[in-house]
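Colleague: For reference, the sequence and a predicted model appear below.
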Amino acid sequence: MNLKIFFKFVSISFQKQITYRFDYFVGIVNGFLYVFIFTSLWRALYSQFDDKEHNGFSLTAIITYAVVAMAVRIAFTMDDSIIYKKVQDGSIAIELIRPTSFFFMNLAENIGHSFFHFLARTFPIIILSVCIYDISIPLEPLRLLAFFVSALLGYLLLSMLHFTVGLLAFWFVEIFPFMLFKYSLFTFFAGGIVPIDFFPDTLKSLVDFLPFKHMLYSPTIIIMGRASLTEIHSIIITQFLWLLIMGGIGKLMWNAGRNKLIIQGG
């Protein structure tokens, strides 16, 4: 795909978000409210025990995790209904004749969407959280670089997840239950509510066979300093392998859905 066209799609998507200025303020309040709720819950839980650490997390570490994980989740905000809407209104047929990759066009729209939420919500929430909470993040250049690489791969994995679930619209009239199920799996198995370190061993084994933790949990523990350089290397390789797997699945589903659309006459 031509980079100029790609960034044009990113720009258009970003500008669409700017028009909803009221959502900007609501988003900040909503995001910080979630941070406040989770940090308050962890403070309350830790106050009930004499031990200062649980599963390797001190109170400072768990609050840092809650803030960072929420910040990453908000920065990864995407419109996962793009494909569904295009299939419903028939505009998906236009994508078949465009000289651009539908996946990369969809990714460009998501990037524009996410970039707005990063600037409008994630950044202010991080500033507020650093001022209010005791957050500890090791500012090591190599670790920060590894975080950005891992976060990029995690973002692409999440985008691929949205893409594949969205393509179900070719076969189902209503895909909201699938989208809700996807959101539940991501929130839980990616460590969005509770760090995976707190999961029982049997559940941890299941999580290791799924891609969800590499979308959110992996970049979070890297920036927090909970992963050694050796572990970081392994994490990034695993993320890349999952990206190839999910990319292959997405391509197969897109080709099957496109053929179905052509055969049925649009």
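Modeller: Yep, that arrived.

Colleague: where exactly do the helices run in the stretch 151-266 of the chain?
Modeller: 176-189, 201-208, 217-224, 229-263 (DSSP state H, counting those that start in this stretch).

Colleague: nearest to F104, of those helices?
Modeller: Of all those, it is helix 229-263 that lies closest to F104, at 11.5 Å by C-beta to C-beta. Using the backbone N, CA and C atoms, a C-beta is placed for each residue, glycine as well.

Colleague: Okay, buried residues for stretch 42-55 please.
Modeller: Within stretch 42-55, the residues that count as buried by 16 or more other C-beta atoms under 10 Å are W42, Y46, H54.

Colleague: Tell me the gap between stretch 222-231 and the middle of its chain.
Modeller: With C-alpha atoms, centre = their mean, to the nearest Å as the basis, stretch 222-231 stands 19 Å off its chain's centre.

Colleague: same question, stretch 139-151
Modeller: 17 Å.

Colleague: Identify the residues contacting that stretch?
Modeller: Defining contact as C-beta atoms under 8 Å, 6 or more residues apart in numbering, one finds that stretch 139-151 is touched by V72, S218, P219, I222, I223, G225, L229, I232, I235, I236, Q239.

Colleague: who's in contact with the third one?
Modeller: P219 makes contact with V72, F147, S150, A151, G154 under the criterion C-beta under 8 Å, 6+ apart.

Colleague: Check the gap between the second one and I137 for me.
Modeller: Noted for F147: a distance of 10 Å to I137, by C-beta to C-beta, to the nearest Å.

Colleague: Same question for the fourth one.
Modeller: The spacing between A151 and I137, counted by C-beta to C-beta, is 14 Å.

Colleague: Of those two, give the one with the bigger neighbour count.
Modeller: The residue with more neighbours, out of A151 and I137, is A151; 21 against 15, by other C-beta atoms under 10 Å.

Colleague: returning to that earlier point: would you turn the contacts of P219 into TSV with pLDDT and distance to I62?
Modeller: Formatted as TSV, the contacts of P219 follow (pLDDT from 0 to 100; distance: C-beta to C-beta, whole Å):
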residue	pLDDT	distance to I62
V72	93	16
F147	96	19
S150	97	20
A151	96	20
G154	97	21
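
Colleague: got those residues as a markdown table, with distance to L252 columns?
Modeller: As requested, those are exported to a markdown table (distance: C-beta to C-beta, whole Å):
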| residue | distance to L252 |
| --- | --- |
| V72 | 29 |
| F147 | 31 |
| S150 | 26 |
| A151 | 27 |
| G154 | 22 |
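
Colleague: Please identify, among those residues, the one with the most neighbours.
Modeller: That'd be G154 among those, by other C-beta under 10 Å, with 29 neighbours.

Colleague: and the closest residue to it other than its chain neighbours, how many neighbours?
Modeller: Residue nearest to G154 in three dimensions, not counting chain neighbours: M215, with 4.6 Å by C-beta to C-beta, 6 or more residues apart in numbering. Using other C-beta under 10 Å, M215 has 29 other residues around it.

Colleague: Is it correct that M215 is in contact with A190?
Modeller: Yes: M215 is within contact range of A190, at 5.1 Å (criterion: C-beta atoms under 8 Å).

Colleague: And the strands in this structure?
Modeller: 53-54, 57-58 (DSSP state E).

Colleague: Show the contacting residues for I196.
Modeller: K204, V207, K213, Y217.

Colleague: what about 10 Å?
Modeller: 55, 188-190, 203-204, 207-208, 212-213, 216-218, 220-221 (C-beta atoms under 10 Å, 6 or more residues apart in numbering).

Colleague: Same check on D79?
Modeller: Under the criterion of C-beta under 10 Å, 6+ apart, the neighbours of D79 are S13, K16, Q17, K85, N106, E109, N110, G112, H113, S114, H162, G166.

Colleague: Quick check on it: phi, psi?
Modeller: phi -90, psi 100 (degrees, to the nearest 10).

Colleague: K16 versus that one, what's the distance?
Modeller: 9 Å.
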